[in-house]
Structure formats: C-alpha cells, structure tokens
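**Student:** Okay, predicted coordinates and the sequence, questions at the end:
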Amino acid sequence: METLTKRSDVMFTYVFAQVLLALYAVFLAFGGALGYYDTETRPSLFAGTGGAALCFIALLYSVFVDPQVGLQAATLVALVMTFYFNSRFVGFKPRFIPAGMLALMSLVVFGSLLITII
C-alpha cells in the first residue's frame, strides 16, 4: 500500500510539472512576441518562440515517452532561458516586462522542475 501511495505522489508531481511547463511555454511565446512588438528585436522573438518550441517538445516527450527525461530536458531549457532573459534584463533596457518577468519566471520554473526531477 505504501508503494502505491509513493507512485501516485510521483505521478501527481509529474503532472504538476507538465502543467507548469505548458504554461511556461505559453508565457515564453507571449513574451517573445511582446518583446518583438515593443522593440522590434528579432532575438526576442526567436528566443521566445524557440524556447517555447523546445518546451513543447520536452512536454510532449515527457507526456508520451518518458516523464523523467522530458522534464530533465525542460529543466535545461529553463536554465538557459533564465540566463538569457537575465542578460537581456540587465544588459539592455532594465525594464521588468518582458525580460525581467521572464527571467524571474524562468528561475521559478527551473527550480520547480529541478525539485521534481531530483
């Protein structure tokens, strides 16, 4: 009985991480589009949509193939996005939206996914 409870807890944790990853991918795509609309910089658009695409690929892999490996890939994407958006926030115009918001969100998602896969 104890093993069944642990297994259901792990599955709930994976489902929570997958939902978080889906929301994060949507915010990445939205942030990239907002950054492009605001400043007309293509790196913002490519980073946002590229990061969102990588997150969706990792999400699909975690849902249909192997949750652990898919979430590990997503953790790596979130870490890279944390560094990218932090450098955009600190290096260019220090405005919170969209770069600062996405840097903070990427850090939270990275931490949550890291706790999930450990």
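**Tutor:** Looks like it came in fine. This one's a predicted model, so the numbers in the text were calculated from it and none came from an experiment.
**Student:** what comes into contact with the helix or strand in which residue 109 is found?
**Tutor:** Applying DSSP states H and E as the criterion places residue 109 in helix 101-117. Surrounding helix 101-117, the residues in contact under the criterion C-beta atoms under 8 Å, 6 or more residues apart in numbering are 13-14, 16-17, 20-21, 24, 27-28, 31, 48, 68, 71-72, 74-75, 78-79, 81-82, 85-86, 88-89. For the C-beta atoms, the positions are set from N, CA and C on the backbone; glycine is no exception.
**Student:** Show me which of the residues you listed are buried.
**Tutor:** Among the contacts of helix 101-117, those buried by neighbour count (16 or more other C-beta atoms under 10 Å) are 13-14, 17, 20-21, 24, 27-28, 31, 48, 71-72, 74-75, 78-79, 81-82, 85-86, 88-89.
**Student:** Residue 44 - nearest residue in space that isn't next to it in sequence?
**Tutor:** Ranked by C-beta to C-beta, 6 or more residues apart in numbering and with sequence neighbours excluded, the top spatial neighbour of residue 44 is residue 35, at 3.0 Å.
**Student:** I'd assumed residue 48 was in contact with the one you found.
**Tutor:** Yes: taking C-beta atoms under 8 Å as the definition, residue 35 is a contact partner of residue 48 at 6.4 Å.
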